[in-house]
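In: 3D, please:
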Amino acid sequence: MAKRNSERVREISFTTGSGPITLARPVIGYRSLAEAGCVDGDTVDLTIEGVSSVGAATGDWEVGTYTWNSGVLTRTTITASSNGGAPVHWTNGTRWVNGRSSGTGEVDGDGNSGAGMPNVYNYKPEFLAKYRAALALTNLGVSDTPVLFIGDSTGTGGYANGNASLPVIFGDVKKFAPASLLANILNARGVPAAASGFWCDNNVTALGGTLPVYDPRISFSGSAACVSLGFPGKLLQLTAAGTISFAPTEAYDTIEIYSPQNTTLGAATVNNGGASLGTINAN
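Out: Residues are numbered from 1 along each chain as shown. Okay, here's the model as predicted:
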């Protein structure tokens, strides 16, 4: 039997009382103790905290060393707790069983980034808190977690970096976009994900492509076009009668449309299979 490293471990437990703690499953994006190499009889340092349905701390917690046997933890030593240093008597609810970090620079639970994320921009603790809350709902099966990438066509858009040495527009360069890459990473980890959105990308048209050819889920009719509004890019536009159609390749329960607003931009109707969902008034 051995003392196991528990970095990047976070599992969910619904056990009540102060006895052995049964582990249900790892939180998406983290390892289970079994994946960290635990075998029966191994000990591991952990922090256990109560969380609400949206992942917010309830104030109940304990820190200690635990013995792992087939997905069940028994307390070996409790070094600190919200119960005055004694084992916590867990009531109904959800617990996160967290591995103890060795301080290698990974993002911690409070959203602080260290040496492990030197190139994160616009990164604030409150953003991570909101993401953790959304991810907790996903883990509980309540809802999906939408992730929106905002940026220019070079860094965030479909043509990745605008480098002409990449496959030409008609060779599926959309796979280089950050949203596509993130979806692939999540799917590889067993997390269902899809790069579902679409956008008008300046590099697509600047290099001689068209949006419907680049993304075959999209089709234009009438006056619909991907047009330049000057720097920094382009937008989808209807100058007269016409349609912009989108045929998704996976099931949807929500569609979000983002539109600029100006007194001269007009209005458009959104339809789903012929049924009107409403009107976007951009004036």
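In: So what's the residue count around the closest residue in space to Ser219 that isn't next to it in sequence?
Out: Nearest in space to Ser219, with sequence neighbours left out and distances taken as CB to CB, 6 or more residues apart in numbering, is Ser245 at 4.6 Å. From N, CA and C alone the C-beta is placed, and that goes for glycine too. Counted with other CB atoms under 10 Å, the neighbours of Ser245 add up to 12.
In: okay but Ser245 is in contact with Asp215, surely?
Out: No - the criterion here is CB atoms under 8 Å, and Ser245 misses it with Asp215 at 11.6 Å.
In: wait, what's in contact with the nearest residue to Trp90 once chain neighbours are set aside?
Out: Nearest residue to Trp90, sequence neighbours excluded (CB to CB, 6+ apart): Thr16, at 5.2 Å. Thr16 sits next to Trp90, Thr91, Asn92 when contact means CB atoms under 8 Å, 6 or more residues apart in numbering.
In: burial measure for the second one, as a count.
Out: Meaning Thr91. 10.
In: just the last one next, same as before
Out: By the criterion of other CB under 10 Å, Asn92 has 6 neighbours.
In: what's it in contact with, if anything?
Out: So Asn92 contacts Thr16 (CB under 8 Å, 6+ apart).
In: Please apply the same query to the first one.
Out: If a contact means CB under 8 Å, 6+ apart, then Trp90 has Thr15, Thr16, Gly17, Ser18, Ile21, Gly50, Asp60 as its contacts.
In: How much space separates it from Ala188?
Out: 34 Å (CB to CB, to the nearest Å).
In: What helices and strands are in contact with the helix or strand containing Thr79?
Out: Thr79 belongs to strand 72-81 when assigned by DSSP states H and E. Applying 3 or more CB pairs under 8 Å, 6 or more residues apart in numbering; DSSP states H and E, we find strand 72-81 packed against strand 21-22, strand 57-69.
In: Put together a markdown table for those strands, with distance to Leu33, mean neighbour count and mean pLDDT on each row.
Out: Formatted as a markdown table, the helices and strands packed on strand 72-81 follow (distance: least, CB to CB, whole Å; neighbours: other CB atoms under 10 Å; pLDDT from 0 to 100):
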| stretch | distance to Leu33 | mean neighbour count | mean pLDDT |
| --- | --- | --- | --- |
| strand 21-22 | 11 | 18 | 96 |
| strand 57-69 | 6 | 17 | 89 |
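In: In this protein, mark out all the helices, start to finish.
Out: 125-139, 178-188, 202-206, 211-214 (DSSP state H).
In: got a pLDDT number for Ala134?
Out: Listed pLDDT for Ala134 reads 68.
In: List the strands paired with the strand holding Thr79, with their directions.
Out: strand 21-22 (antiparallel), strand 57-69 (antiparallel) (DSSP bridges).
In: Nearest to Glu35, out of those strands?
Out: strand 57-69 (12.0 Å; CB to CB).
In: Now tell me what touches the closest one from outside.
Out: With CB under 8 Å, 6+ apart as the criterion, strand 57-69 contacts 4, 21, 33, 38-52, 73-83, 87-88, 90, 93, 100.
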